[in-house]
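What would the 3D arrangement of this be:
(one chain, ligands or ions: 4)
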Amino acid sequence: MLLLNSRARLVFYVHVRTRMWSILRNKTATATTMTCFFLAHSLPPPLFSALFKPSPPPTPQIHRSLLLLLRLLLCQGFPGAGWGPAIRSFCSRSDRERRAMADRLEGFCDPSSISYLTQREAAEIDENLMGPLGFSVDQLMELAGLSVATSIAEAYKASEYKRILAICGPGNNGGDGLVAARHLFHFGYKPCICYPKRTPKPLYTGLVTQLESLRVPFLSVEDLPSDLSSEFDILVDAVFGFSFHGAARPPFDDIIRRLAGMRKSDQANKKSPAIVSIDIPSGWHVEEGDVSGEGIKPDMLVSLTAPKLCAKQFRGPHHFLGGRFVPPPIAEKYNLRLPPYPGTSMCVRIGKIPQVDISSMRENYISPEFQEEEVEAHPIKQFRKWFEEAVAAGLREPNAMALSTAGKDGKPSSRMVLLKGVDEDGFVWYTNYESQKARELSENPWASLLFYWESLNRQVRVEGSVEKVSNEESELYFHSRPRGSQIGAIVSNQSSIVPGRQVLHQQYKELEEKFSDVNLIPKPKHWGGYRLKPELIEFWQGQQSRLHDRLQYCPQEVDGRRVWRIVRLAP
Ligand SMILES: NC(=O)C1=CN([C@@H]2O[C@H](COP(=O)(O)OP(=O)(O)OC[C@H]3O[C@@H](n4cnc5c(N)ncnc54)[C@H](OP(=O)(O)O)[C@@H]3O)[C@@H](O)[C@H]2O)[C@@H](O)CC1
Ligand SMILES: Cc1cc2nc3c(=O)[nH]c(=O)nc-3n(C[C@H](O)[C@H](O)[C@H](O)COP(=O)(O)O)c2cc1C
Ligand SMILES: Cc1ncc(COP(=O)(O)O)c(C=O)c1O
Ligand SMILES: [K+]
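Residues are numbered from 1 along each chain as shown. Ligands and ions are numbered 1, 2, ... in the order given. Presented below is the predicted three-dimensional model:
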């Protein structure tokens, strides 16, 4: 195996780095050559020798792997001494995993790098899935419909886009629409169905019965409101899928015209509903797209299995892929290049998230009223109640709170810390006694805490003075932490400048070794807790039209006793 010394490596590093973009853009064989040199001593021997033989040239698969590797290195930069292991780990993965890694690092899936199917291929894949590959149509339709519903839920929140009309055609595309509507109902949307040409097969009659049992209304074409814009927030176009051919026949011709026309007439004045097309924008040619230029212009397209050729013409803001059921034989046979689905998701976005207008971002809070009569007399009791509800709601780190301090210069600073205890004496967190916050607290003990529990539309503000907790309390808590965090606390001179990550790792490793036989890692003197004793606590519950509930507790002396007075503040 060819071994490169560090100087040679550096030369190649610079060389490859400067030429990388052009190599990637042109996707020339140079990529292979350059990468071979660059990776010479990191590649596993079989891959290395396969590459280093000038003939036969590398297989397309190896070539693709190398291009992916280049993308990966481009995204990560070259971690100097660390690149050997990183590349070896990359090489040990499957082609699919490598692609996923590169995509994840780039943060999106480039629409030009994925596969698009012809109409024939789409039908063939369908037949294969339902023939030799053992799927039933019910199964595929269920998964397809679920993908559509989850895609819609990702792009359009039920709080803003509740009212949905699913227009379903006579084939499987229509079936996907029925399934999607059922899932959307369970996700909290309010779907209605227009299903003018029902297919008298048990699969479809079953889907209709399921929707009827949820009391989802069915509207005939005649019953459709004349102004779809004011009645619905989302229109699901489940009219035709990949078997569409020719020109749309009644009654669908008229429905499609309404959907297409709506875009134009609504653009000028008001918010028009989002049009979501399943698999194919209905009326479009499956391969050539919107041939007349007069067709539906959907805001969202959910391609199923793989996008069809017409999807290349899709210009809306949201293109998703669904149908997470493609088995390797299909992917290989049709050489499918598709984005990897993240985690357990049923859908994945194709292309970039559209730019948002920040000034238009807002939530309308809808919550039960928060009344004086129902609150606890003591704010800590009330805090515990809300905290328990935040835990029960499954919030991640409900004990995360923003701590704001200001030193003698009066300039405030904020950061998150974790609440580690709360009782009548106050709110406790742990930190470094030589950090910025600690310096500020030593100059000025007044501080504030802020909790925000987003999905509950709740905020809690706490203000008061801060003291260190006792050393015993800090000792007890310090030793309850994972060993790694204990060592981390010793390593970190919090808020001081460090020359690089490597320094922290090095010190960590040394301490890990030092303490390998030690049971109790000593708590550093400069690490411990603080307790904020509340002087004021406000509970905020978000409500519609910004008319929120704000109940504030402040202490009062009554007959020499400290009691809490509750007042309501204007939102
Ligand atoms: N593996 C997959 O890929 C999966 C695919 N799935 C879904 O299946 C969809 C394909 O379904 P599909 O084959 O049933 O075809 P689709 O287009 O819904 O409708 C055909 C119907 O429309 C009719 N029709 C045609 N042209 C017409 C016209 N001009 N004017 C009027 N009518 C016309 C035609 O009638 P015909 O012309 O035969 O008389 C027939 O009744 C696909 O896009 C995806 O959504 C998922 O469920 C599962 C996984
Ligand atoms: C969710 C979350 C929880 C945190 N919890 C703590 C904590 O409990 N203690 C701590 O010292 N830093 C914590 N940090 C880090 C702090 O936000 C901050 O970076 C650090 O304490 C230094 O702050 P300072 O330089 O203002 O003193 C947390 C950060 C986050 C995002
Ligand atoms: C620097 C620092 N210290 C302390 C903590 C609190 O961690 P623990 O829950 O282990 O005490 C955190 C939590 O993020 C932190 O980032
Ligand atoms: K459609």
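
What are the contacting residues of stretch 362-379?
For stretch 362-379, the external contacting residues (CB atoms under 8 Å, 6 or more residues apart in numbering) are 159-160, 382, 385, 424, 456-458, 534, 537, 539, 541-545, 548-549, 551, 553, 564, 566, 568. Bear in mind the C-beta positions are built from the backbone N, C-alpha and C, glycine included.

Quick check: buried residues in it?
365, 370, 375-376, 379 (16 or more other CB atoms under 10 Å).

One more: stretch 440-450?
Neighbour counts over stretch 440-450 (16+ other CB under 10 Å) mark 440-441, 447-450 as buried.

Quick one: end-to-end length of it, please.
Length of stretch 440-450, first residue to last, CA to CA, to the nearest Å: 18 Å.

is any part of that stretch close to ligand 2?
No: applying CB under 6 Å from any ligand atom, one finds stretch 440-450 separated from ligand 2 by no less than 7.9 Å.

Just the residues contacting that stretch, thanks.
401-408, 413, 419, 427, 459-467, 530, 532.

are any of those residues buried, and which?
401, 403-407, 419, 427, 459-464, 466, 530, 532.

quick one on the thing from earlier: what about the contacts of stretch 362-379, which are in strands?
458, 534, 537, 539, 541, 549, 551, 553, 564, 566, 568 (DSSP state E).

Can you lay out those residues as a markdown table showing pLDDT, neighbour count and distance to residue 284?
Shown next, in a markdown table, are the ones in strands among the contacts of stretch 362-379 (pLDDT from 0 to 100; neighbours: other CB atoms under 10 Å; distance: CB to CB, whole Å):
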| residue | pLDDT | neighbour count | distance to residue 284 |
| --- | --- | --- | --- |
| 458 | 98 | 23 | 46 |
| 534 | 98 | 24 | 62 |
| 537 | 98 | 24 | 58 |
| 539 | 98 | 23 | 53 |
| 541 | 98 | 20 | 47 |
| 549 | 98 | 21 | 49 |
| 551 | 98 | 20 | 55 |
| 553 | 98 | 25 | 61 |
| 564 | 97 | 19 | 65 |
| 566 | 98 | 16 | 61 |
| 568 | 98 | 12 | 56 |
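
how about those residues in CSV, adding distance to ligand 3?
Listed next are the ones in strands among the contacts of stretch 362-379 as CSV, based on distance: CB to the nearest ligand atom, whole Å:
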residue, distance to ligand 3
458, 22
534, 21
537, 23
539, 25
541, 27
549, 31
551, 30
553, 27
564, 30
566, 32
568, 35
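
Intersect the residues you listed with the contacts of ligand 4.
Checked against ligand 4 using CB under 5 Å from the ion, these give no members in range.

Pick out whichever of those residues sits closest to residue 222.
The shortest approach to residue 222 among the ones in strands among the contacts of stretch 362-379 belongs to residue 541, at 44.7 Å (CB to CB).

all helices in the stretch 451-571 of the chain, in order from the N-terminus.
471-480, 483-491, 501-514 (DSSP state H, counting those that start in this stretch).

if we can go back for a sec, also within reach of ligand 2: list those from the buried ones among the contacts of stretch 440-450.
Applying CB under 6 Å from any ligand atom to those, one finds that nothing falls near ligand 2.

which residues does residue 191 contact?
For residue 191, the contact set (CB under 8 Å, 6+ apart) comprises 164-166, 181, 184-185, 211, 216.

number of nearby residues for the residue in the stretch 451-571 of the chain that ligand 2 sits nearest to?
Ligand 2 sits closest to residue 495 of the stretch 451-571 of the chain, with a gap of 3.5 Å, by CB to the nearest ligand atom. The local packing of residue 495 (other CB atoms under 10 Å) involves 14 other residues.

Go ahead and confirm it touches residue 436.
Yes: with contacts counted by CB atoms under 8 Å, residue 495 reaches residue 436, the gap being 4.4 Å.

any idea of the pLDDT on the residue in the stretch 451-571 of the chain that ligand 1 sits nearest to?
The nearest approach of the stretch 451-571 of the chain to ligand 1 comes at residue 455, 32.6 Å away (CB to the nearest ligand atom). If you check residue 455, the pLDDT there is 90.

Now intersect the buried ones among the contacts of stretch 440-450 with the strands, please.
If you go by DSSP E, these have 401, 403-406, 427, 459-464, 466, 530, 532 in strands.

before we move on, the earlier item: could you dump the ones in strands among the contacts of stretch 362-379 to CSV with distance to residue 481?
As requested, the ones in strands among the contacts of stretch 362-379 are exported to CSV (distance: CB to CB, whole Å):
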residue, distance to residue 481
458, 28
534, 26
537, 28
539, 30
541, 34
549, 37
551, 35
553, 32
564, 34
566, 37
568, 41
